[in-house]
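> Sharing a model prediction with you, sequence too.
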Amino acid sequence: MARAGRSPGRKEPAESPIVEIGPKLKEARKREGLSLRVLAARTGFSASFLSQVELGQVSPSLGSLEKIAAALGMPLAGLFANAAAPSAAVVHRHASGVVRSDWSRATLRVLLSAWPGQPVSAILVALEPGGQSGKSPHARPGRAFAFCVSGSAVLETADETFELSRGDSICYETAGLASIWRNTGTRAAEILIVSLPA
């Protein structure tokens, strides 16, 4: 007897593939018509560092990737999404790739990408114990809603620290609330982050 929700003989789809950060970053930069030097000036990173990221020689933090995305005029999810709007309402787990940041000790899955007429994007971040989104807090334009799916995490800002456990949520202005996500616990934490229009 076939299990509910599956067709007889249908195989379970493979897990989400790991997305290579470098080619996606280079593609987004070229799409915007920017040189490495111009992007370096916008982000404060060196052109050498950005080139190493594009060549897959270094693994940047999630915070660094977010800063690069902001300099390209897009949310973080936009770096790893298709340029066109999705043709289907359902995004299956094997169709949405996973981005790995060794520096942050984290993985990121794009759940919803923004496109013209749909300015909301959503990512699911899994932080390993000791993982963190970046080295120092930085602000970006817009607003965000975050929901702690599992484990616990700390959102640090320049002025305040918020502790979120499973089921907790927070909504904040990202332009005025420079932040870092940290997992100070002993279990992996999953955080759903929805970027909202400013």
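Noted; the coordinates are in hand.
> Now the nearest residue to residue 32 once chain neighbours are set aside: phi and psi?
Computed as C-beta to C-beta, 6 or more residues apart in numbering, the closest residue to residue 32 that is not its neighbour in sequence is residue 72, at 5.4 Å. In this view, the C-beta of every residue, glycine as well, is placed from N, C-alpha and C. Here is the backbone geometry of residue 72 (degrees, to the nearest 10): phi -90, psi 0.
> same check, this time on the one 4 residues further on
Comment: the main-chain dihedrals of residue 76 come out as phi -50, psi -40, following degrees, to the nearest 10.
> still on that earlier bit, and for the residue nearest to residue 32, the neighbour number?
Look at residue 72: counted by other C-beta atoms under 10 Å, it has 19 neighbours.
> Quick one: the strands in the chain, in order.
18-19, 98-101, 106-112, 121-127, 143-150, 152-157, 161-165, 169-173, 179-182, 189-196 (DSSP state E).
> Run the chain-centre distance for the fourth one.
Its chain's average C-alpha position is 6 Å from that of strand 121-127, according to C-alpha atoms, centre = their mean, to the nearest Å.
> List the residues that contact residue 56.
The neighbours of residue 56, taking C-beta atoms under 8 Å, 6 or more residues apart in numbering as the test, are 20-22.
> Mean pLDDT lowest where, among the strands of the chain?
Lowest mean pLDDT of the strands of the chain: strand 18-19, a mean of 82.
> so what does that one touch, helix or strand wise?
Here strand 18-19 touches strand 98-101, going by 3 or more C-beta pairs under 8 Å, 6 or more residues apart in numbering; DSSP states H and E.
> could you measure residue 125 against residue 107, distance?
Per C-beta to C-beta, to the nearest Å, residue 125 is found 7 Å from residue 107.
> Which one's more surrounded, those two?
Just comparing residue 125 and residue 107: by other C-beta under 10 Å the higher neighbour count belongs to residue 125, 25 against 20.
> Could you find the closest non-adjacent residue to the more buried one?
Distance criterion C-beta to C-beta, 6+ apart; nearest residue to residue 125, sequence neighbours excluded, is residue 191 at 4.9 Å.
> distance of residue 156 from residue 181?
Computed as C-beta to C-beta, the residue 156 to residue 181 distance reads 8 Å.
> Please identify which of the two sits among more neighbours.
Counted by other C-beta under 10 Å, residue 156 and residue 181 do not tie: residue 181 has more neighbours, with 23 against 18.
> burial of the residue nearest to the more buried one when sequence neighbours are not counted, as a residue count?
In this structure, residue 181 finds its nearest non-sequential neighbour in residue 133, 4.2 Å apart by C-beta to C-beta, 6+ apart. Residues near residue 133, counting by other C-beta under 10 Å, number 29.
> one step back: make JSON lines from the strands of the chain and add distance to residue 26 to it.
Below are these laid out as JSON lines (distance: least, C-beta to C-beta, whole Å):
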{"stretch": "strand 18-19", "distance to residue 26": "13"}
{"stretch": "strand 98-101", "distance to residue 26": "15"}
{"stretch": "strand 106-112", "distance to residue 26": "18"}
{"stretch": "strand 121-127", "distance to residue 26": "20"}
{"stretch": "strand 143-150", "distance to residue 26": "27"}
{"stretch": "strand 152-157", "distance to residue 26": "31"}
{"stretch": "strand 161-165", "distance to residue 26": "34"}
{"stretch": "strand 169-173", "distance to residue 26": "31"}
{"stretch": "strand 179-182", "distance to residue 26": "26"}
{"stretch": "strand 189-196", "distance to residue 26": "23"}
